[in-house]
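Q: Take this sequence and fold it.
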Amino acid sequence: MTETASAVRSIRRRHPWRIQLAMHAASILVAAIFLAPLVWTVLVTFKSKAEAGLPPLPPWPVGGWSIENYRTLENFGAGLIHHTLNSLIVASATAALTIVVSTLAGYGFSRFRFPMKGAFFVVILAAMMVPFQSILTPLFLILSRLHLYNTLTGLVLIYVTLQLPFSVFMMRNAFDSVPHEIAEAARIDGARGLKLLVIVLGPLVLPGIASVGLIAFLNAWNEFLGALIFLSEQDKYTLPVLMTAVRSGRFGAIDWGAVQAGVAVMMLPCLALFLVLQRYYIRGLTAGAVK
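A: Residues are numbered from 1 along each chain as shown. This next block holds a predicted model:
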């Protein structure tokens, strides 16, 4: 092993450009492997309905580019744009409310002392082990009693409830990673309460906030079972429910072009959001891992 390591270091010293070239080539290859299915899916959406049902090679349209598949989705249900807006409203509201509640709760668990603090935190973590399917009936009854069944507001509240245990855990770790001396110095300068949290500690735990918001948005955007059960009117369905209806087809027939178009529409916001927040994502997940 020592001789091998010495040989590698010798090659790096003599031919540094070859090492860099090999690393760039390997990176491009790995990126191409991951991007190929995404590009393939987008290309298939521009095939005609008849061509989309044929064998997938080549992936690009042969008989001419067409937006027929997107028109099919727009004419399905209440329309593609309408269902996309429903998903955006639900996912954005879920992410915003999850960030606010989990940040306040994480700050409280990290910086304050109160009776049974450890027990309450264990109960919150234990909620992550409860399967969502096992509490569907109680949630359905609660929403019905509160007159929130078949409303996007009720669906948002359900999604926030599901996201909070893990989000509170992440934000508690994020605040734990911030030295207490910073908060003490801010208090000496007159910062108190929400001013201390928002102005002083907020920028320091921004990676955790971004991670919590990203995870909550993606989970709410892709969630299917809750939207199917807690919504009953077609014009309130989110994109995953619409895609299931498209996938089922009529008389067993599947419009593969429309399915791929729906997959592309669902995929693009997730990719865009992740690319914008990726600089914070890893730091947010590892916040508090080493104190």
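Q: who's in contact with Val212?
A: Going by Cβ atoms under 8 Å, 6 or more residues apart in numbering, Val212 touches 98-99, 102-103, 163, 167, 170-171, 284. Quick note: C-beta positions are derived from backbone N, CA and C, even for glycine.
Q: Over to Leu139?
A: 158, 230.
Q: hey, C-alpha coordinates of the helix or strand encompassing it in PDB?
A: Leu139 is part of helix 136-145 when elements are defined by DSSP states H and E. The C-alpha coordinates for helix 136-145 follow below in PDB (Å, rounded to 0.1, in the frame of the first residue of the first chain):
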ATOM      1  CA  LEU A 136     -55.300   8.500   7.900                       C
ATOM      2  CA  THR A 137     -58.700   7.900   9.600                       C
ATOM      3  CA  PRO A 138     -58.100  10.200  12.600                       C
ATOM      4  CA  LEU A 139     -56.800  12.900  10.300                       C
ATOM      5  CA  PHE A 140     -59.800  12.500   8.100                       C
ATOM      6  CA  LEU A 141     -62.100  12.900  11.100                       C
ATOM      7  CA  ILE A 142     -60.300  15.900  12.400                       C
ATOM      8  CA  LEU A 143     -60.400  17.700   9.100                       C
ATOM      9  CA  SER A 144     -64.100  17.000   8.800                       C
ATOM     10  CA  ARG A 145     -64.800  18.300  12.200                       C
END
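Q: any idea of the mean pLDDT in that helix?
A: On average, the pLDDT along helix 136-145 is 90.
Q: between the contacts of Val212, which has the most around it?
A: Neighbour counts for these (other Cβ atoms under 10 Å) peak at Met171, which has 30 neighbours.
Q: Check whether that residue really touches Pro207, as I assumed.
A: No - contact criterion Cβ atoms under 8 Å: Met171 and Pro207 do not qualify, at 10.9 Å.
Q: List the ones among the contacts of Val212 that fall in helices.
A: 98-99, 102-103, 163, 167, 170-171, 284 (DSSP state H).
Q: Tell me where the stretch 1-150 of the chain has helices.
A: Assigned by DSSP state H, counting those that start in this stretch, the stretch 1-150 of the chain shows helices spanning 2-14, 16-44, 49-52, 68-74, 80-111, 117-126, 136-145.
Q: now the fifth one and helix 117-126, what's the angle there?
A: The reference is to helix 80-111. 160 degrees (axes from the mean of the first three to the mean of the last three Cα atoms, to 10 degrees).
Q: so where's the stretch 1-150 of the chain shaky on pLDDT?
A: 1-17, 50-56, 77-78 (pLDDT under 70).
Q: The residue positioned nearest the centre of the chain and Leu273: what is the separation?
A: Nearest to the mean C-alpha position of the chain, counting by Cα atoms, centre = their mean, stands Leu218 at 2.2 Å. Between Leu218 and Leu273 the computed distance is 8 Å (Cβ to Cβ, to the nearest Å).
Q: Outline the domain layout of the chain.
A: 2-69, 75-285 (automatic domain parsing).
Q: about what we covered before: so what's the gap between the helix or strand where the residue nearest to the centre of the chain lies and the chain middle?
A: Using DSSP H and E, Leu218 falls within helix 206-222. For helix 206-222, the gap between its own C-alpha mean and the chain's C-alpha mean amounts to 5 Å (Cα atoms, centre = their mean, to the nearest Å).
Q: list the buried ones in it?
A: 207-221 (16 or more other Cβ atoms under 10 Å).
Q: Which single one of those residues is nearest to Thr45?
A: The nearest member of the buried residues of helix 206-222 to Thr45, counting by Cβ to Cβ, is Trp221 at 18.8 Å.
Q: Tell me the confidence at the closest one?
A: pLDDT, read off for Trp221, is 93.
Q: No further questions, thank you.
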